[in-house]
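Colleague: Fold the stuff below for me.
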Amino acid sequence: MLSKLNKEEVRAMPLGGGEVVCLSETGVAMAIRRYRKPAARRFRRWLEEELLPALRREGEEALTADQLELALALAAETARQVSRAVLDAVLENGEACWQHSRWLVTLDYERHNRQKRPLGRMMGLNSSVATLDALAELIAVPDGMPASDTELVKLAAACHLRLAERMSLRVADE
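Modeller: Reported below is the predicted structural model:
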């Protein structure tokens, strides 16, 4: 099928150790028009009535080949780093239900592009990662973060102790 398309309509881009074949909009249209099967008709209808109009909406830019190439390269690099982090964590922690756990993964870039090793850590299924502001908002909303009375008391006590410590330091400074 690809051999019947013009060279301008087909572009091979490197991805990982292989290649991804990308077709232009015209190339896709020509390729699917060759097939008369019901599945091809449904695909063509979805493409023409939903996907292409969504990509052409006002105010949105279409992806360029360079943007797509960058996005694919970043996705491949992220997958590599996540795989490494999970591998290290599973080897370090043994076979503890890793596939049913929640993970916190840090990739290998810090501020100012300093590199470090990717890090993966298993967390409890009820664990969350949030800023303190977001945590306060999640707890305050009725259907937000589920927290038991015991957990709320522990959190309130920790906040109270921290505030008392800061207040005593301010009083001592005056």
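Colleague: So for the helix or strand L74 falls within, what gets flagged as buried?
Modeller: Assigned by DSSP states H and E, L74 belongs to helix 65-93. Across helix 65-93, burial judged by 16 or more other Cβ atoms under 10 Å covers 69, 72, 81, 84-86, 89-90. Heads up, the C-betas are built off the backbone N, CA and C, glycines and all.
Colleague: Over to stretch 35-45?
Modeller: R44.
Colleague: Quick one: mean pLDDT over that stretch.
Modeller: Here stretch 35-45 scores 81 as its mean pLDDT.
Colleague: Reduced to three states, what does the closest residue to A65 other than its chain neighbours come out as?
Modeller: Nearest residue to A65, sequence neighbours excluded (Cβ to Cβ, 6 or more residues apart in numbering): R11, at 6.3 Å. Under DSSP: H, G, I helix; E, B strand; the rest coil, R11 falls in the strand class.
Colleague: which ones are touching R11?
Modeller: By Cβ atoms under 8 Å, 6 or more residues apart in numbering, the residues touching R11 are 21-24, 65.
Colleague: could I get those as JSON lines with secondary structure?
Modeller: Conversion of these to JSON lines gives the following (three-state DSSP):
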{"residue": "V21", "secondary structure": "strand"}
{"residue": "C22", "secondary structure": "strand"}
{"residue": "L23", "secondary structure": "strand"}
{"residue": "S24", "secondary structure": "coil"}
{"residue": "A65", "secondary structure": "helix"}
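Colleague: Could you report the distance from the closest residue to L119 other than its chain neighbours to A85?
Modeller: Residue nearest to L119 in three dimensions, not counting chain neighbours: T106, with 4.5 Å by Cβ to Cβ, 6+ apart. Distance of T106 to A85, given as Cβ to Cβ, to the nearest Å: 7 Å.
Colleague: residues contacting A130?
Modeller: L138.
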